[in-house]
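Trainee: Next come a sequence and a model predicted from it.
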Amino acid sequence: KITCNVGIYVTNEKALSVDSMIDRAVLALSSIKGSYTSKYNIFTESLRNEMLSEQEISGIMATALEERQFVLHYQPQFNHSTGKLIGVEALVRWNHPEKGMISPGVFIPIFEKNGFITRLDLYVFEQVCVFIRKCMDKGLPLVPVSSNFSRFVENLETIRKRHEVPIELVRIEITESAVFGDSEHANEVVKQLHQCGYIVEMDDFGSGYSSLNVLKDIELDLIKLDMMFLVEKSDSNRGGMILSSVVRMAKWLGLPVIAEGVETAEQARFLKDINCTMVQGYLFDKPLPEDE
Ligand code: C2E
Ligand code: CA
């Protein structure tokens, strides 16, 4: 399944260079990166004001990290047949002193391009360990916390051990981009993570065209199913059929499945019907600040 995201600039300022016009279309495009629902966006002046340019971001990212402007929100995951909280996913936001909260859809693609993502992912992982440690010290009930990784990183064990966090409380979510193109290397790294005892989850399953190959080549522990499958373009229910086959296939492979991006009661009911009991999405909870 191939989907396409589009950034649009309406050429009403004829004096502008073609390069600048393209920049504006790209800015509109990057404003919807990572979004489930928006497939296109149109450039406006206010959009530009809201968003930082790629150059601007690259210029201030290191200082922002030092100044702890990156904050984590946690989105709960539930077993919806028992209603029990079964885990949370850590999602980073940039709390910019002037622009306010910037969504990861804006800056993660830039960091992936310029390489800064590795530092940010390590920082996020460390903050997750600090958070779990705090909960442990307070004697609060604990659930595993998943962190996102765009690239494979080293030194996770050093960080985890520094904060004395049990390995079963941290999980690794990797996106297809992390494994894409080099599944042999990815398989090696996943093996090493397994040797340490980590649970490794395949993120955004179904959004990329090589998902099935990834499953074949790499031994993962859990798949996160993208609910984009259920955004129906017609009445044919093809998305639903694909979803139920994927859940069945995962069962055969012995892989647990969690559905993410669950927004409606109808989707939740459907997931229950096809025996997908683990869910995450706005219907249940948004990503929440640490205290909440
Ligand atoms: P993702 O890993 O697929 O995370 C799920 C995204 O879907 C989150 O967006 C979440 O807020 C949103 N979401 C959750 N439930 C729903 C729902 O019911 N409906 C809709 N429409 N959306 C829902 P967010 O927080 O903006 O993150 C976007 C992406 O940025 C993430 O997608 C992930 O790929 C990336 N990201 C976030 N934090 C990190 C990080 O620390 N490291 C790396 N490498 N990537 C990160
Ligand atoms: Ca994720």
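Mentor: That came through fine. Ligands and ions are numbered 1, 2, ... in the order given.
Trainee: Show which residues not belonging to the strand or helix carrying His194 make contact with it.
Mentor: Counting by DSSP states H and E, the element that carries His194 is helix 183-196. Applying C-beta atoms under 8 Å, 6 or more residues apart in numbering, the contact partners of helix 183-196 are 152, 156-157, 167, 172, 174, 178-179, 200, 213-214, 217-220. From N, CA and C alone the C-beta is placed, and that goes for glycine too.
Trainee: Narrow these to those in strands?
Mentor: Using DSSP state E, 172, 174, 200 are the members of those that sit in strands.
Trainee: okay, these in JSON lines with neighbour count next?
Mentor: Converted to JSON lines, the ones in strands among the contacts of helix 183-196 look like this (neighbours: other C-beta atoms under 10 Å):
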{"residue": "Ile172", "neighbour count": "24"}
{"residue": "Ile174", "neighbour count": "25"}
{"residue": "Val200", "neighbour count": "21"}
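Trainee: where does the residue in the stretch 1-150 of the chain that ligand 2 sits nearest to land in three-state SS?
Mentor: Distances between the stretch 1-150 of the chain and ligand 2 by C-beta to the ion are smallest at Asn148, namely 4.6 Å. The assignment at Asn148 comes out as strand when based on DSSP: H, G, I helix; E, B strand; the rest coil.
Trainee: May I have the helix or strand of the chain with the lowest mean pLDDT as PDB, with CA atoms only?
Mentor: Within the chain, no helix or strand scores below helix 176-179, which has a mean of 72 by mean pLDDT, DSSP states H and E. The C-alpha coordinates for helix 176-179 follow below in PDB (Å, rounded to 0.1, in the frame of the first residue of the first chain):
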ATOM      1  CA  GLU A 176      11.000   0.800   9.500                       C
ATOM      2  CA  SER A 177      13.400   3.600   8.600                       C
ATOM      3  CA  ALA A 178      15.800   2.200  11.200                       C
ATOM      4  CA  VAL A 179      15.900  -1.200   9.600                       C
END
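Trainee: quick one: it near ligand 2?
Mentor: No: between helix 176-179 and ligand 2, judged by C-beta under 5 Å from the ion, nothing touches; the nearest distance is 11.2 Å.
Trainee: now do stretch 97-115
Mentor: No: judged by C-beta under 5 Å from the ion, stretch 97-115 makes no contact with ligand 2; its nearest approach is 9.9 Å.
Trainee: Report the beta-bridge partners for the spatially most central residue of the chain.
Mentor: When the chain is reduced to its mean C-alpha position, the nearest residue by C-alpha atoms, centre = their mean turns out to be Asn148, at 5.9 Å. Beta bridges link Asn148 to Glu173 when assigned by DSSP bridges.
Trainee: who's in contact with it?
Mentor: 89-92, 121, 124, 173-175, 203.
Trainee: These in strands, which ones?
Mentor: Using DSSP E, the subset of the contacts of Asn148 located in strands is 89-92, 173-174, 203.
Trainee: Of those residues, which is the most crowded?
Mentor: Taking other C-beta atoms under 10 Å as the neighbour criterion, Ile174 ranks highest of the ones in strands among the contacts of Asn148 with 25 neighbours.
Trainee: max-length helix in this protein?
Mentor: Identified as the longest helix of the chain according to DSSP state H is helix 117-137.
Trainee: near ligand 2, which residues of the stretch 151-292 of the chain?
Mentor: Contacts of the stretch 151-292 of the chain with ligand 2, taken as C-beta under 5 Å from the ion, map to 173, 203.
Trainee: which stretches of the stretch 151-292 of the chain form helices?
Mentor: Applying DSSP state H, counting those that start in this stretch to the stretch 151-292 of the chain gives helices spanning 156-162, 176-179, 183-196, 211-217, 238-252, 265-273.
Trainee: Quick one: closest of these to Asp291.
Mentor: Ranking the helices of the stretch 151-292 of the chain by proximity to Asp291 (C-beta to C-beta) places helix 156-162 first, at 22.9 Å.
Trainee: Now the closest one: buried residues?
Mentor: Neighbour-count burial for helix 156-162 flags 156, 159-160 (criterion: 16 or more other C-beta atoms under 10 Å).
Trainee: Rank the contacts of helix 183-196 by pLDDT and give me only the lowest.
Mentor: Taking those together, the minimum pLDDT is found at Val179 (69).
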